[in-house]
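K.L.:
Fold the following and give me the result.
(one chain, ligands or ions: 1)
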Amino acid sequence: MWNISHLRALRKLPSAEFHTCSRLGAMKAAGKHRARVYVSRRIPPAGMEILQQSGICDIDQWDSDDPVPREELLKKVAGAKGLYCLLTEKIDEEVLKAAGPSLKVVSTMSVGYDHLSLEELKKRGIRVGYTPDVLTEAVAELTVALLLATSRRLIEAAHEAKSGGWGTWKPLWMCGNGLSQSTVGIFGLGRIGEAIAKRLKPFGVKKFLYTDVTPRPEVAANISAEFVSMDELAERSDFITVCCALTPETQGICNKKLFSKMKSTAVFINTSRGAVVSQEDLYEALANGEIAAAGLDVTVPEPLPLDHPLFKLKNCVILPHIASATIETRNAMAALAANNLLAGLQGEAMPREVPL
Ligand code: DGY
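P.N.:
Residues are numbered from 1 along each chain as shown. Modelled structure (predicted):
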């Protein structure tokens, strides 16, 4: 069972993610009027302990591993001062209206905040916390794992091994594409893109390319990456990994146009948000051999229906949105989201606040 002492002992977690005892004491002393907080899911223990021990809030929680039904969320958020939510809850005008003027802070246990209507939040002066940095390593690690599983056909090969498809050793059977001497294109060079490149480099990658809204020379210098246009990224890359945020500009940006410019041997990986990709166009590109394979940790919708055409393709590896799923990381995300919420409730600087 994980508790706060376990988490404090974790080397990698920034100390800012944890309240010190003295700060907790001050918070308790100041907390004569406890704020009502709604937590929209059962969350990792580190987050819950921080909220409970703060002594400044009354916690109402949807105590389940499954998402809170929308009607329940609308009912329970009414009159809350703080909302602790996950990426599965759309926090839009309807929710904010249901919450009413008492709501001062929304804290999401995610780095992505495309599920939050920032405009509506800003209009109401509601502050927003999120959880960058603490998941970078886990997401980068999973991205590399997915890339290798996809390019070296691990899922397909393992299935063949246990279902009778493994005959004698054959020179051309189950061949994929290796990373050695390859060119890797990163779409969206932020913390996660950089961390992926650092992990891929030892596999012998020859060249890193990246595209983004604008060049990011400081980050690019760390991985010797060259800034190119989206078209050039498509044309020159052997592997493309999508690490951008979902915004109106990136919605559906990985589409027919991109896939048609990619090499027929190229591998496409997405661990950002499903909506960045046109799944219909991706299906066509994979089924028609325009690109070699795709690995997706994110889809639209989630979960992807079992009868979805992408599930029928051998050259498409689909994971159920698990990029940040290590115990340490999920606890660190929960703790950071809790501390963001508490800081927001008290009108203090949040450890990680979304600038509105
Ligand atoms: C996030 O935090 O936005 C990720 O998608 C979940 O790990």
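K.L.:
May I have the phi/psi pair for the residue in the stretch 251-356 of the chain that the ligand sits nearest to?
P.N.:
At 3.1 Å from the ligand, Ser324 is the closest residue in the stretch 251-356 of the chain, using Cβ to the nearest ligand atom. (C-beta placed from N, C-alpha, C; glycine too.) Main-chain dihedrals, Ser324, degrees, to the nearest 10: phi -90, psi 10.
K.L.:
which residues sit in contact with it?
P.N.:
Counting by Cβ atoms under 8 Å, 6 or more residues apart in numbering, Ser324 touches Val111, Leu135, Ala138, Val139, Leu142, Arg330, Met333.
K.L.:
Identify the residue nearest it in space, chain neighbours excluded?
P.N.:
Spatially, and ignoring its direct neighbours in sequence, Ser324 is nearest to Leu135 (4.1 Å; Cβ to Cβ, 6 or more residues apart in numbering).
K.L.:
Three-state assignment for Tyr38, please.
P.N.:
strand (DSSP: H, G, I helix; E, B strand; the rest coil).
K.L.:
if I look at it, how far off is Tyr130?
P.N.:
17 Å (Cβ to Cβ, to the nearest Å).
K.L.:
can I assume Glu141 is in contact with Arg199?
P.N.:
Yes - at 6.9 Å, Glu141 and Arg199 qualify as touching, with contact defined as Cβ atoms under 8 Å.
K.L.:
so what's the residue nearest to Ser324 scoring on pLDDT?
P.N.:
At Leu135, the pLDDT value in this model is 98.
K.L.:
count of neighbours near Gly252?
P.N.:
14 (other Cβ atoms under 10 Å).
K.L.:
The closest residue to it other than its chain neighbours: neighbour count?
P.N.:
Computed as Cβ to Cβ, 6+ apart, the closest residue to Gly252 that is not its neighbour in sequence is Ser278, at 5.0 Å. Neighbourhood size, Ser278 [other Cβ under 10 Å]: 20.
K.L.:
In this structure Ser278 contacts Lys257, no?
P.N.:
No - counting by Cβ under 8 Å, Lys257 is not a contact partner of Ser278; they are 9.5 Å apart.
K.L.:
ok so, going back, so what's the predicted local confidence for the residue of the stretch 251-356 of the chain closest to the ligand?
P.N.:
98.
K.L.:
gap between Met109 and Pro305?
P.N.:
Taking Cβ to Cβ, one finds Met109 at 26 Å from Pro305.
K.L.:
do Gly125 as well
P.N.:
Noted for Gly125: a distance of 39 Å to Pro305, by Cβ to Cβ.
K.L.:
Next: Lys122.
P.N.:
On the measure of Cβ to Cβ, Lys122 and Pro305 end up 35 Å apart.
K.L.:
So between the two, which is more surrounded?
P.N.:
Lys122 (14 against 10).
K.L.:
Which residues are in contact with the more buried one?
P.N.:
By Cβ under 8 Å, 6+ apart, the neighbours of Lys122 are Leu356.
K.L.:
cool, the one 10 residues further on as well?
P.N.:
By Cβ under 8 Å, 6+ apart, Pro132 lies in contact with Val111, Arg191, Arg352.
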